[in-house]
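Engineer: test case, fold it:
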Amino acid sequence: MKRRSCLAAGAGLAMAGLVLPVPPARATELVEQVLGDPAAPVEIIEYASLTCPHCAAFHTETLPALKERYIDTGKAKLVMRDFPLDQSALFAAALAHCAGPDRYFAFIDALFSSQSRWARAADPKEALLQLAQLGGMPREQAEACLADEALMDAILQVRLDGQNEYAIDSTPSFVVNGKKLTGNHGIDNFAEVIDAAAP
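Structural biologist: Residues are numbered from 1 along each chain as shown. Presented below is the predicted three-dimensional model:
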């Protein structure tokens, strides 16, 4: 299968208004979001941008099969990490974290399944606020979330850590027990990598 990914060019990020900070220390620590058994032997770390169409394709087309075959059976777990490619993706990631750990993945699913509507809206921020309200988050809470600079810095720090630790430069990118896999692959490609990584 042809690898598909969203490239993260530095110039494009600057034009999108997303300036990556280099904070001396983390003001806010994000709770790592894990889908599946935290003790599963194979760890799949996903770096994704919520505005990346290839990330959306992975979540709507590939992840259900991956979940059924490996995550629900306890063979693997998926660790979700933010790699926002633009301001809208940063806002969307913040809202997912503000939803809380019990609703985090439900928000991620909703954001990816409706990506074409909110990401291309004339006012993506307003579209995200409306989506958050539909998901049960009061507008005041959603607005406060998007105004939380410490949260935004923490999300961007996760992105910087991914760049520094695994040389992540596009989305989606995956690290399967230390082995990097770039782009949206089909279930058979994932199965080959996961099976090889299994103890």
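Engineer: buried residues in the lengthiest helix in the chain?
Structural biologist: Identified as the longest helix of the chain according to DSSP state H is helix 149-166. For helix 149-166, burial by neighbour count (16 or more other Cβ atoms under 10 Å) applies to Leu151, Met152, Ala154, Ile155, Leu156, Gln157, Val158, Arg159, Gly162, Tyr166. C-beta coordinates here come from the backbone N, C-alpha and C atoms, glycine included.
Engineer: with stretch 126-141 instead?
Structural biologist: For stretch 126-141, by 16+ other Cβ under 10 Å, it's Ala127, Leu128, Leu129, Leu131, Ala132, Gly135, Met137.
Engineer: would you map the strands across the chain?
Structural biologist: 6-7, 33-35, 42-48, 76-82, 170-171, 173-176, 179-182 (DSSP state E).
Engineer: and the residue nearest the centre of the chain, what is it in contact with?
Structural biologist: Using Cα atoms, centre = their mean, the residue of the chain that lies closest to the mean C-alpha position is Ala48, 3.6 Å off. For Ala48, the contact set (Cβ atoms under 8 Å, 6 or more residues apart in numbering) comprises Cys55, Phe58, His59, Met80, Arg81, Asp82, Phe83, Thr171, Pro172.
Engineer: tell me which two of the residues you listed sit farthest apart.
Structural biologist: The distance between the two most remote of the contacts of Ala48 (Cβ to Cβ) is 14.9 Å, for Phe58 and Asp82.
Engineer: by neighbours, which of the contacts of Ala48 wins?
Structural biologist: Within these, most neighbours by other Cβ atoms under 10 Å means Thr171, with 31 neighbours.
Engineer: for that residue, give me the pLDDT.
Structural biologist: Thr171 carries a pLDDT score of 96 in this model.
Engineer: any idea how far it is from Ala106?
Structural biologist: Thr171 sits 21 Å away from Ala106, going by Cβ to Cβ, to the nearest Å.
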